[in-house]
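**Q** quick one: sequence plus predicted model below, questions after.
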Amino acid sequence: MDLIVQPVETDLTHHVFFEEPQLEFSKEDNRLRFLGNLLETFDLRLNDIKIKQNFPSNNIYHFSKFYGRAFLDVSLGYEEYRAQLRNPYDKEQASTLFGKLAQLFKSIPIKEQRVVAQQHLSTDGNATSHLNSLNPSCPENFKDILEQSGVHYKLKIPSHELTINITLVGSIFIEGGIYLDEAMFFSPNLYDFDEALDVSVEYHNLILKELGLVIEDNR
């Protein structure tokens with residue numbers, strides 16, 4: 001039996017690790033050119049960008065900005081960058097914002113990408129019964145005190161050099177709701193951003209189907 005769910009809180013993260021430190025960005029001309037591109041691409045002002053010289057690896061440049069209700073938070077370094085989008089309107093908005101950032105680094109070889117989706121979902125149905133049906137067994141001494149179970153799976157897809165960690169448990173924020181965490185690791189990385197996104201969406205849909213979750217977004 002499927003469980004009808006509605007997103008209440010959604011966090012999407014795209015995390016990229018470069019094959020080599022990009023020390024070229026430390027040169028004055030390159031740094032100014034990059035900052036100019038960042039300002040134009042994301043419609044920022046200079047005050048929006050924080051420069052943290054103590055964190056050159058992963059957070060020398062940092063900015064946050066609302067795009068409607070969606071909140072984008074970005075950390076950029078010489079070895080990696082990380083972008084987190086909270087409560088996007090839809091897949092297209094996430095794809096556009098993450099894609100703009102990826103485009104700035106399109107000429108740089110990357111060794112690993114991580115695509116992570118974390119959602120708190122309200123339910124139209126009995127979340128406890130659904131979770132217990134996915135994981136009906138439990139340790140003997142838990143049987144009399146177990147209120148709700150959950151599941152964790154680790155998938156390996158060699159054709160994409162992709163590992164997926166999946167967690168589905170009761171939400172601690174949404175009464176009667178559930179929490180779904182999908183962490184996808186492309187390592188060694190085979191894809192550009194658009195290709196990785198397509199693969200991520202394919203397996204996201206598979207995960208929902210196999211977990212018996214049907215998303216109805218009424219926002």
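**A** On my side now, so go ahead. Nothing here was measured: the structure is a model prediction, and the numbers come from that model. Numbers count the residues shown, from 1 in each chain.
**Q** in the protein, what residue spans correspond to helices?
**A** 28-41, 91-104, 127-134, 193-211 (DSSP state H).
**Q** V169: which of these is closest?
**A** Among those, helix 127-134 comes nearest to V169, with 7.2 Å by CB to CB. For every residue, glycine as well, the C-beta is placed using N, CA and C.
**Q** okay, buried residues for the closest one please.
**A** A127, H130, L131, N132 (16 or more other CB atoms under 10 Å).
**Q** for those residues, which one is nearest T96?
**A** A127 (32.4 Å).
**Q** give the rounded mean pLDDT of stretch 61-70.
**A** Per-residue pLDDT over stretch 61-70 has a mean of 95.
**Q** hmm, who's touching it?
**A** 35, 38, 42-44, 48-52, 71-77, 85-89, 93, 97 (CB atoms under 8 Å, 6 or more residues apart in numbering).
**Q** returning to what we had before: nearest to N205 among the buried residues of helix 127-134?
**A** H130 (18.4 Å).
**Q** pretty sure the closest one contacts I4?
**A** No: using CB atoms under 8 Å, H130 makes no contact with I4, being 10.2 Å away.
**Q** which neighbours do those two share?
**A** T123.
**Q** buried ones among the contacts of stretch 61-70?
**A** 35, 38, 42, 44, 49, 72, 74-77, 85-88, 93, 97.
**Q** can you tell me which of the residues you listed end up in strands?
**A** L72, V74, S75, L76, L85, R86 (DSSP state E).
**Q** can I get those in a markdown table with distance to N141?
**A** Converted to a markdown table, those look like this (distance: CB to CB, whole Å):
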| residue | distance to N141 |
| --- | --- |
| L72 | 46 |
| V74 | 47 |
| S75 | 44 |
| L76 | 49 |
| L85 | 42 |
| R86 | 39 |
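**Q** give the contact list for A196.
**A** Q113, V115, F186, N189.
**Q** redo that, cut-off 7 Å
**A** Q113, V115, F186 (CB atoms under 7 Å, 6 or more residues apart in numbering).
**Q** and P109, by the same measure?
**A** Neighbours of P109 in contact, by CB under 7 Å, 6+ apart: E19.
**Q** if we use 8 Å, what do you get?
**A** F18, E19, E20.
**Q** right, and S57 touches R82 too?
**A** No: applying CB under 8 Å, one finds S57 not in contact with R82, separated by 11.4 Å.
**Q** more neighbours, the two?
**A** Between S57 and R82, counted using other CB atoms under 10 Å, R82 has the larger neighbour count: 20 against 10.
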